[in-house]
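>>> Any chance you could fold what I've pasted below:
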Amino acid sequence: MTTTGLSDKTVVITGAGAGIGRATALRFAAEGAKILVADLNAESAKETVGLIEKQGGTAVAVVGDLSRPEVVEEVVSTATDTLGGLDVLVNNAGIMDRMSAAADTDDAEWERVLRINLTAPFQLTRAALPHMLDQGHGSIVFTASEASLRGSAAGAAYTVSKHGVAGLIKSLAVMYRDKGIRTNGIAPGGTGTSLQVDTQEGAHGPAVLGSYMHNIGRVAAAEEQANAIAFLASDAASNINGVILPVDNGWSAV
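All right, here's what the predicted structure looks like:
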């Protein structure tokens, strides 16, 4: 008998077409949850839905840029109207910066990273909250980062975006703790995914950050991050709220 309380729950997972997002979708589906796969890539989203259905689960996909209001609206309406609710929101989608130091970060890099990593999950959370408040319960889990805990894990834009995510997690936890809604996050260390870093050769930021990366330790599998996300969303974590959990084999302790 499961003790997670995730069976038959509706779970929205962003960036679920690959990497941590796909592993998380499969993990929740294995618990009997109904999954909304949100991703920018239609083919990847379709593949994740197919994998869930192959193991006997229920999943639908919504494809689009989550920084666009109409896509946010479609995600929430599909979860509530097609899958019957919105119990868990996993704000996982994100992009890396170019490891640029502040002096080398142009407006385009700054705005793109902040828009996708911070503004889009805020807007989706804002849209999901009325449904969670109406039903009197909900769990929100963010994929933060080691860069939400330190200044030596990424460039200026990514670091600021993930520090913003950390602040949003804590604000949500305080504001809605008495409304049956918990908000937490994981801070992954190095993880084997397809996320790419397009650094500029000879740039100051990557040169400085490279001296810290030897502390990263073992690279995790995406499934290890997914297990932590599922735990934080589950009834097993019923009194955990406002936590950013490092899943990094001790990198944050070095």
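>>> Would you map the helices across the stretch 1-150 of the chain?
19-30, 42-54, 69-81, 107-114, 120-135 (DSSP state H, counting those that start in this stretch).
>>> What is the distance between the longest helix anywhere in the chain and the centre of its chain?
What stands out as the longest helix in the chain, according to DSSP state H, is helix 156-176. With CA atoms, centre = their mean, to the nearest Å as the basis, the distance from the averaged C-alpha position of helix 156-176 to the chain average is 12 Å.
>>> which one of the helices of the stretch 1-150 of the chain lies closest to residue 162?
Judged by CB to CB, the one of the helices of the stretch 1-150 of the chain that comes nearest to residue 162 is helix 107-114, at 9.5 Å. Every C-beta, even on glycine, is put in place using the N, C-alpha and C of the backbone.
>>> Give me the average confidence score over that closest one.
Average pLDDT, helix 107-114: 96.
>>> Ok, stretch 191-211 next?
For stretch 191-211, mean pLDDT rounds to 71.
>>> Residue 173: how many residues sit nearby?
Counted by other CB atoms under 10 Å, the residues lying close to residue 173 total 19.
>>> Residue 177 now?
Residues near residue 177, counting by other CB under 10 Å, number 13.
>>> do the same with residue 83
20.
>>> what does residue 74 give?
So residue 74, with other CB under 10 Å, has 16 neighbours.
>>> quick one: the closest residue to residue 47 other than its chain neighbours and residue 110, what's the gap?
Spatial nearest neighbour of residue 47, chain neighbours left out: residue 17 (7.1 Å); criterion: CB to CB, 6 or more residues apart in numbering. Computed with CB to CB, to the nearest Å, the distance linking residue 17 and residue 110 is 25 Å.
>>> Then residue 161?
Counting by CB to CB, the separation of residue 161 from residue 110 is 9 Å.
>>> and those two? which has more neighbours close in?
More crowded of residue 161 and residue 110, by other CB under 10 Å: residue 161, with 27 against 18.
>>> residues touching the more buried one, list them.
Contact partners of residue 161, counting by CB atoms under 8 Å, 6 or more residues apart in numbering, are 94, 113-114, 117-118.
>>> ok, and the closest non-adjacent residue to it?
In space, and not counting its chain neighbours, residue 161 is closest to residue 117: 3.7 Å by CB to CB, 6+ apart.
>>> Surely that neighbour and residue 163 touch.
No - shown here, residue 117 and residue 163 do not form a contact pair, counting by CB atoms under 8 Å, at 10.4 Å.
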